[in-house]
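Novice: make a model of this:
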Amino acid sequence: MDKLKLIYGLLFLVLGVVALLAAINAIELSWDYFWPLFLLIPGLTFEYNFFSKKGKHSGDPGILIPGGILITISILFYINIFFGWHLMDLLWPVFILAPAIGLFQFYLFGSRNKGLLIPVGILTGVGLFSLIITMLNIDFFIYIFSIILIAIGVYFIFKGIKRPE
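Specialist: A predicted model of the protein is given here:
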């Protein structure tokens, strides 16, 4: 028997029994804890299909991109469910980091195309920078951002000026 089908069968069996027990008020169940599974289960399936070396897409590193994104976002949602949605004010940069994680997995287990490191680096940099700014609650962010933009502008202006030979 296929292990993945067995896992899915057991998962749906358990979810069905829990839903039935909630329907007859034998247990109290909140939908809040279950809806992120619609992201987590496909993400884990993508990862399993790649790493299991069995199945239609085994060995295809492209499936790691949506796998990494879906797992990262579902973990973010579970953190907010268990610790409070007020954390989304601080953790929203994880949405920027999620594609970086998927792309980095693709880089690690794929052909190691160094061109992939450019979007991974940009997304990671922007995500971590945003995460740090929100975590530290820096109100003067606009000043830092303005100075960075001015510095980049000055760099490009001087880089574009041709020097006489």
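Novice: ok, for the residue nearest the centre of the chain, nearest residue in space, not its chain neighbours?
Specialist: Nearest to the mean C-alpha position of the chain, by CA atoms, centre = their mean, lies Ala98 at 2.3 Å. By the measure of CB to CB, 6 or more residues apart in numbering, the closest residue to Ala98 outside its immediate chain neighbours is Thr72, 4.0 Å from it. Just so you know, the C-beta spots here come from the backbone N, C-alpha and C atoms, and that holds for glycine as well.
Novice: what's the local residue count around the one you found?
Specialist: Applying the criterion other CB atoms under 10 Å, we find 20 residues in the vicinity of Thr72.
Novice: tell me how far Ile71 lies from Ile101.
Specialist: With distances defined as CB to CB, to the nearest Å, the gap from Ile71 to Ile101 amounts to 8 Å.
Novice: circling back: got the buried residues for the strand or helix carrying the residue nearest to Ala98?
Specialist: Here Thr72 is covered by helix 64-83, with elements defined by DSSP states H and E. In terms of neighbour count (16 or more other CB atoms under 10 Å), helix 64-83 has its buried residues at 64-81.
Novice: any stretches of this structure with poor pLDDT?
Specialist: Scanning the chain with the threshold set as pLDDT under 70 gives 1, 53-58, 138-141, 162-165.
Novice: can you pull out the helices in this protein?
Specialist: 3-23, 37-51, 64-83, 88-91, 94-109, 117-136, 141-160 (DSSP state H).
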